[in-house]
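Enquirer: Generate a structure from the sequence data that follows.
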Amino acid sequence: MLRSLIRPFGISSALLLGGCAVQGAPSFSLVGAYFPDWMLCGMIGIAVAVTLRVVFVLTGLDAILSLRLFTYLSLGVITALLAWLIWFGP
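Expert: Sure thing, here's the model as predicted:
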C-alpha cells in the first residue's frame with residue numbers, strides 16, 4: 001500500500017526536476033545582486049569590522065568613539081560595498 005502512494009510522488013518529482021542541469025556555480029540575480037557573491041562580500045565586511053574593532057581597542061581609539069555600533073556597522077558596510085565594487089562591479 002505504501003509503495004502505491006510513493007510511486008506518483010516519485011514520478012512527478014522526476015518530471016519536475018528533469019529540467020535541472022549542472023551549468024556551473026549556482027549564481028542567480030536577486031534584485032540586481034548575484035546571490036552567493038553578495039554573501040561573500042558581507043562576510044568580508046563583517047571580518048574587517050571585527051578586525052578593526054580589535055585594532056581600535058588595542059590602540060585606545062575605541063574609548064573615544066561615541067557611537068561605537070554605528071561606527072563599526074558603517075565600516076563593515078563600506079568594506080563590503082568596496083569588495084563588491086572591486087570584484088563584481090562594472
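Enquirer: all strands of the chain, in order?
Expert: Taking DSSP state E as the criterion, the chain contains strands spanning 29-30, 33-34.
Enquirer: quick one: Ala63 and Leu82, what's the gap?
Expert: Going from Ala63 to Leu82 by Cβ to Cβ, to the nearest Å gives 27 Å. Bear in mind the C-beta positions are built from the backbone N, C-alpha and C, glycine included.
Enquirer: Quick check, pLDDT for Ala49.
Expert: Ala49 is assigned a pLDDT of 95 by the prediction.
Enquirer: what about dumping the CA coordinates of stretch 60-71 to PDB?
Expert: As requested, the backbone C-alpha atoms of stretch 60-71 are provided in PDB (Å, rounded to 0.1, in the frame of the first residue of the first chain):
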ATOM      1  CA  GLY A  60      42.800  53.000  22.700                       C
ATOM      2  CA  LEU A  61      40.800  54.600  19.900                       C
ATOM      3  CA  ASP A  62      37.700  52.700  20.800                       C
ATOM      4  CA  ALA A  63      37.400  54.600  24.100                       C
ATOM      5  CA  ILE A  64      36.900  58.000  22.400                       C
ATOM      6  CA  LEU A  65      34.100  56.800  20.000                       C
ATOM      7  CA  SER A  66      30.700  58.000  21.000                       C
ATOM      8  CA  LEU A  67      28.600  55.800  18.700                       C
ATOM      9  CA  ARG A  68      30.500  52.500  18.500                       C
ATOM     10  CA  LEU A  69      27.800  50.400  17.000                       C
ATOM     11  CA  PHE A  70      27.200  52.700  14.100                       C
ATOM     12  CA  THR A  71      30.900  53.200  13.500                       C
END
